[in-house]
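Peer 1: Need a 3D model of the sequence below.
(2 chains)
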Protein chains: 2
Amino acid sequence: MIDHLVIIGVGLIGGSFALDLKKHGLVGRVTGVGRGRANLEKALELGIIDAIADTAAEAVRDADLVLLAIPVSAMAAVFRDIAGGLPSACILTDAGSTKQDVIAAARVGLGGKVGQFVPGHPIAGAENNGADAARTGLYQHKPFIMTPLPENTDAAVAAVRALWEACGANVSHMEPYQHDHVFAAVSHLPHLVSFALMEELAGRPDAETYFRYAGSGFRDFTRIAGSHPEMWRDISMANKDALVTELEAFIAKLSVMRDLLESGDSDALEALFSRAREARHNWIKGKND
Amino acid sequence: MIDHLVIIGVGLIGGSFALDLKKHGLVGRVTGVGRGRANLEKALELGIIDAIADTAAEAVRDADLVLLAIPVSAMAAVFRDIAGGLPSACILTDAGSTKQDVIAAARVGLGGKVGQFVPGHPIAGAENNGADAARTGLYQHKPFIMTPLPENTDAAVAAVRALWEACGANVSHMEPYQHDHVFAAVSHLPHLVSFALMEELAGRPDAETYFRYAGSGFRDFTRIAGSHPEMWRDISMANKDALVTELEAFIAKLSVMRDLLESGDSDALEALFSRAREARHNWIKGKND
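Peer 2: Residues are numbered from 1 along each chain as shown, chains lettered A, B, ... in the order given. This next block holds a predicted model:
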């Protein structure tokens, strides 16, 4: 039971976390902090939070658990602001899409208190944002990845795990480095590729003709190009090294395909397509089992 | 009214065309031809066709209209086989995903009768195949692109247009060259890119870890990697020149993104993402209007 939960960034992610814990009677009161006053008032009206604090530093003074659910680029400043007043028994966690950079920012900002920070990443992407989008059950059967620090106590790690499990998430552990590489490949790269195709076609003089004949395959392929540019700029920059590695591997793979096309090696091309199709079939099957 | 319609390749595309024309009373009888006997018998049982012919050459002898709904790589042989017995009043059309190569094959195979061939491409992709997948209404509000030949009579072009319009399709004309370039960009390239990502990850020793954390964005992005390898090998090879051009433009765009990441130019990256998002938003909006 968390007497006082503080949510920094009351959007889809932070708001849904608060709603689930409230529903299960696991929190006493919830305080919200954020840049947009109107959003916080909406969250209050919707019963997601019970109070609004003006600053994160003020909110954490008597907090038992703090969730940072803000863009990764905004975390360094918050760690710095809250470090001084953070009670020694308070556990800090986050929902950032990248982990190595957030951990680095926490080490700098929190200094000797970094052991109170248990890094995490709930996988529950959605295009909607803001407190309006928050809902109970968002995390049901979704992965939550923890990348604990050597400085974390077992009790702090167990407490964070228990809360996300209460939200229905499937909790697992990863190394921060592995986390960032895996998500560069399965999430960040596809976003960049989808943005790239949309932007490439939009920039052509006859863009209208292209879009006119784009069908359902194109629609699904480019769905993630509807994602938030500022958020994806932040994630891309935060996970730059891993993402550049993935981009280069992908460019190399596309170059292989171009060579197979140019040389007319239709057998090798079909074999490549077949491996891809089989992998996808097995993946979807595994998800549904 | 078509007294005798011949469908060569009674799958989703050919079968759905026959069903719609039957429903609207626009055909007398339908004969099916194809490689798979079981599929043809299924089509007969489902009432999609009224008779099975052993060979295309035999079927077309008293046909009024013939639709070739077979892989583009199989068309050359069919043109050659049917040319001799093709009645001079019979109109030939196709549903191939590429047009320049099909037209080239028609010129070779049909010789002096090429004017009877009115090339077309219905945009109604789906992952299912075979006569079982055929249904009425498949073409409702979907584009049908005609790329008529200089040798076609106005009457032949009008007849093909009228039939697809009866199926509910939005019919438009394009030059074969333009058709192939537009579809290389909005359809063939996304398929190759989706296959490439899936195959790249599947080939890694720790592939299981990647797929374990792939979420809904990845699922939509890779949906078209579940497409038929043989069909996409054929389309890729048939539209090789345009596809290589698109692949190279796309590799160049991804290289620009890599450079923006490496140099830390987050403003330019965000601007690129914003242009992509806006283009997609406008496209979706335009489709729904």
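Peer 1: List the residues that contact A:A83.
Peer 2: Contact partners of A:A83, counting by CB atoms under 8 Å, 6 or more residues apart in numbering or on different chains, are A:109-111, A:113. In short, each C-beta sits where N, CA and C put it, glycine included.
Peer 1: Please check the residues you listed and keep the buried ones.
Peer 2: A:109-110, A:113 (16 or more other CB atoms under 10 Å in any protein chain shown).
Peer 1: if we can go back for a sec, specify which member of the contacts of A:A83 is nearest to chain B.
Peer 2: Checking the contacts of A:A83 against chain B with CB to the nearest CB, the nearest one is A:G109 at 20.6 Å.
Peer 1: just checking, that closest one touches A:A76?
Peer 2: Yes: in terms of CB atoms under 8 Å, A:G109 counts as a neighbour of A:A76; the distance is 5.9 Å.
Peer 1: now the strands for the stretch 1-150 of chain A?
Peer 2: Secondary structure of the stretch 1-150 of chain A by DSSP state E, counting those that start in this stretch: the strands cover A:2-8, A:27-33, A:51-52, A:65-68, A:91-94, A:117-118, A:120-122, A:143-146.
Peer 1: any chance you could map the helices in chain A?
Peer 2: A:12-23, A:37-45, A:56-59, A:75-83, A:100-110, A:154-166, A:176-183, A:189-202, A:207-212, A:216-221, A:229-238, A:240-262, A:266-288 (DSSP state H).
Peer 1: can you put those helices in JSON lines and add mean pLDDT?
Peer 2: Output for these, formatted as JSON lines (pLDDT from 0 to 100):
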{"stretch": "helix A:12-23", "mean pLDDT": "97"}
{"stretch": "helix A:37-45", "mean pLDDT": "97"}
{"stretch": "helix A:56-59", "mean pLDDT": "97"}
{"stretch": "helix A:75-83", "mean pLDDT": "98"}
{"stretch": "helix A:100-110", "mean pLDDT": "98"}
{"stretch": "helix A:154-166", "mean pLDDT": "98"}
{"stretch": "helix A:176-183", "mean pLDDT": "97"}
{"stretch": "helix A:189-202", "mean pLDDT": "98"}
{"stretch": "helix A:207-212", "mean pLDDT": "94"}
{"stretch": "helix A:216-221", "mean pLDDT": "92"}
{"stretch": "helix A:229-238", "mean pLDDT": "94"}
{"stretch": "helix A:240-262", "mean pLDDT": "97"}
{"stretch": "helix A:266-288", "mean pLDDT": "95"}
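Peer 1: For B:V193, which of those is the nearest?
Peer 2: With distances scored as CB to CB, the stretch of the helices of chain A nearest to B:V193 is helix A:189-202 (6.3 Å).
Peer 1: Poorly predicted segments of the stretch 1-150 of chain A, please.
Peer 2: Low-confidence segments of the stretch 1-150 of chain A (pLDDT under 70): A:125-128.
Peer 1: Look through it and state the residue closest to chain B.
Peer 2: For the stretch 1-150 of chain A, CB to the nearest CB, closest residue to chain B: A:I123, 5.2 Å.
Peer 1: residues contacting the residue lying closest to that residue once chain neighbours are set aside?
Peer 2: Closest residue to A:I123 apart from its sequence neighbours, by CB to CB, 6 or more residues apart in numbering or on different chains: A:P143 at 4.4 Å. Neighbouring residues of A:P143 by CB under 8 Å, 6+ apart: A:122-123, A:169-172, B:212-213, B:215.
Peer 1: same deal with A:D234?
Peer 2: A:71-73.
Peer 1: could you redo these as TSV and give each row neighbour count?
Peer 2: Formatted as TSV, these follow (neighbours: other CB atoms under 10 Å in any protein chain shown):
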residue	neighbour count
A:P71	18
A:V72	22
A:S73	20
